[in-house]
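1. quick one, what's the 3D model for this:
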Amino acid sequence: AIRGAIMVMGSTYVTYALGMLTSILLARSLGPDDFGRYTYMVWMAGLLIMFSNNGLTTTVIRFASESLGRGLPENASSIHGWLRRWQLACVVLVGCLFLVAMPWFKPAGWDGHLAVFAAVVLVAAIAKAMFLFDVSVAKGYGLFHVEARATVTMSLLSIAAVLVMVVMKAPLLAYLLLFASVSVGYVVCSSMMLRKAGVRPSREPVEPATLARLKRHLGWTVLLTLAYAISNKSIETWMLNAMVGSAAVGYFAIAAALTRGGVDLLASGLGTVLMPMMGHAFGKGGQEGVNAIMANAMRYFAFIGLLLAGGGALVADSAITLLYGAEYKAVVNPLRVMMIVGGFTMIGGAFNALLSTTDNQHLRVGYVLFSILSVGVLSVLLIPRYGLNGAVAAHAISEVLIFTLMATGVSRLL
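-> Residues are numbered from 1 along each chain as shown. Have a look, this model is predicted:
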């Protein structure tokens, strides 16, 4: 478990560091407006990825690891195949819906052809969705090296290409094409490693009792993921693009990315190992085994989260000035707010893993649906009047409110 956690978190932070260096180079090379358009298109691709994979990635981790914990590798292979077929259908459906809705979601100030916007977003989204599904299968099998090696390899190739393009003073379109190409590289790497490990989907039917539980879990997870995709800074990003401008989108994205490096990535690194462990323990010993893991996880999440909240607020001003320059000074206060809120609510990652593992997805869905409502109302009230600061306030208030409700509900109901 420790080896897996170190591998995932180590590769995640190497990837994040290279990604942040890429972001800094892009921000300095393109300027606030074009950088805002770039980050908006990356966000749009990420949104399509979440819609395409919906609850499939979480479900394959949960049920593949549980089947292996019960000594049923054939059932894990069947689950892999069943969910893969559903993923392909979802990718096609989401791609078609995006093409229809595309004119309402183009970046602010975009003067290029809509076909270019559509091609970059779709290629990147489809490739990365396939990669994330492969990685989830690998996690279910305990093969944490698949994600680690693929992300580090492609991040190194990406930063090398960006350095060359910065020297050549490449335009926005060149960076967008690189983004799409790197996304394709991710899925090529993951597919090769899964084949080498002998992990392949099967067309054999899933055991009926397991399939019934899987469908119930998947149904709630689909609702959860779609709701999370909308609530996770999506409303704020879209409204900033539509009402404030591309530069504000870039500022908001930088603050979110730095927070992700300090808080979200560490939480996801711990969660990556936590959920398969809980699934294995639940399959082997039921709720008692899960509770023992949860007790430790809560302490680790709380300790690291509080440390990051204070450290992030302390260095925010210096970090932005040093990394991005004086023209990005507007990022400092949003970054401080996001780091403090993210650190104090980091323990929510352990709650999420617990609810997913113990067939209580419906509780997570309720929390996230309430989050959408609160973020939506707050964004409508605050963003038109306060712009970037209003978006940050809407995000922070909603995060604290949802965490409070989740902590109360989990402690009372479970």
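2. following element in sequence after whatever helix or strand residue 192 lives in, please.
-> Per DSSP states H and E, residue 192 falls inside helix 172-197. With elements assigned by DSSP H and E, the helix or strand that comes after helix 172-197 is helix 208-231.
3. now do the buried residues in that following helix.
-> 210-211, 213-214, 217-218, 220-231 (16 or more other Cβ atoms under 10 Å). For glycine as for every other residue, the C-beta is placed from the backbone atoms N, C-alpha and C.
4. mind showing which ranges of this structure have poor pLDDT?
-> Applying pLDDT under 70 to the chain picks out residues 1-2, 4-5, 264-272, 285, 359, 361.
5. so in it, which helix runs the longest?
-> Secondary structure of the chain read by DSSP state H shows that its longest helix is helix 2-53.
6. so what touches the helix or strand just after it?
-> Following helix 2-53 in sequence order, the next helix or strand is helix 56-69 (DSSP H and E). By Cβ atoms under 8 Å, 6 or more residues apart in numbering, the surrounding residues in contact with helix 56-69 are 73, 75-76, 79-80, 83, 86-87, 90, 132-133, 135-137, 139-142, 210, 213-214, 217-218, 221, 225, 275-276, 279-284, 356-357.
7. dump the C-alpha coordinates for helix 56-69 into PDB.
-> Provided in PDB are the C-alpha atoms of helix 56-69 (Å, rounded to 0.1, in the frame of the first residue of the first chain):
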ATOM      1  CA  LEU A  56     -17.300   4.000 -15.300                       C
ATOM      2  CA  THR A  57     -13.800   4.600 -13.900                       C
ATOM      3  CA  THR A  58     -14.800   4.500 -10.200                       C
ATOM      4  CA  THR A  59     -17.000   1.500 -10.800                       C
ATOM      5  CA  VAL A  60     -14.200  -0.500 -12.500                       C
ATOM      6  CA  ILE A  61     -11.800   0.200  -9.700                       C
ATOM      7  CA  ARG A  62     -14.300  -0.800  -7.100                       C
ATOM      8  CA  PHE A  63     -15.600  -4.100  -8.600                       C
ATOM      9  CA  ALA A  64     -12.400  -5.300 -10.300                       C
ATOM     10  CA  SER A  65     -10.500  -5.000  -7.000                       C
ATOM     11  CA  GLU A  66     -13.400  -6.500  -5.000                       C
ATOM     12  CA  SER A  67     -13.500  -9.500  -7.500                       C
ATOM     13  CA  LEU A  68      -9.800 -10.000  -7.100                       C
ATOM     14  CA  GLY A  69     -10.100  -9.800  -3.300                       C
END
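8. before we move on, the earlier item: could you flag which of the contacts of helix 56-69 are buried?
-> 75-76, 79-80, 83, 86-87, 90, 132-133, 135-137, 139-142, 210, 213-214, 217-218, 221, 225, 275-276, 279-283, 356-357.
9. doesn't residue 185 make contact with residue 130?
-> No - with contact defined as Cβ atoms under 8 Å, residue 130 does not count as touching residue 185 (11.8 Å).
10. between the two, tell me which one has more neighbours.
-> residue 130 (24 against 16; other Cβ atoms under 10 Å).
11. returning to what we had before: which of the residues in the helix holding residue 192 are buried?
-> 172, 175-187, 189-190, 193-194.
12. stretch 145-154 now?
-> 145, 146, 147, 148, 150, 151, 152, 154.
13. redo these as TSV? Include distance to residue 318.
-> Converted to TSV, the buried residues of stretch 145-154 look like this (distance: Cβ to Cβ, whole Å):
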residue	distance to residue 318
145	36
146	37
147	32
148	31
150	33
151	28
152	28
154	30
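14. ramachandran coordinates for residue 142?
-> Torsion angles at residue 142 (phi, psi; degrees, to the nearest 10) stand at phi 80, psi 10.
15. gap between the spatially closest residue to it that is not a sequence neighbour and residue 11?
-> Spatial nearest neighbour of residue 142, excluding adjacent residues (Cβ to Cβ, 6 or more residues apart in numbering): residue 276 at 6.7 Å. Using Cβ to Cβ, to the nearest Å, one gets 16 Å for the distance from residue 276 to residue 11.
16. same question, residue 250
-> Counting by Cβ to Cβ, the gap from residue 250 to residue 11 is 27 Å.
17. pick out whichever of these two has more residues nearby.
-> residue 250 (29 against 21).
18. how far away is the nearest residue to the more buried one once chain neighbours are set aside from residue 88?
-> Distances taken as Cβ to Cβ, 6+ apart place residue 36 nearest to residue 250, at 3.4 Å, with adjacent residues excluded. Applying Cβ to Cβ, the value for residue 36 to residue 88 is 33 Å.
19. who has more neighbours, those two?
-> For residue 36 versus residue 88, neighbours defined as other Cβ under 10 Å are more numerous around residue 36 (28 against 13).
20. list the contacts for that one?
-> Residue 36 neighbours (Cβ under 8 Å, 6+ apart): 107, 108, 241, 245, 246, 247, 248, 249, 250, 251, 253.
21. any quick PyMOL command for the buried ones out of those?
-> In PyMOL syntax, the buried subset of those is picked out as below (16+ other Cβ under 10 Å):
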select buried, resi 107+108+241+245+246+247+248+249+250+251+253
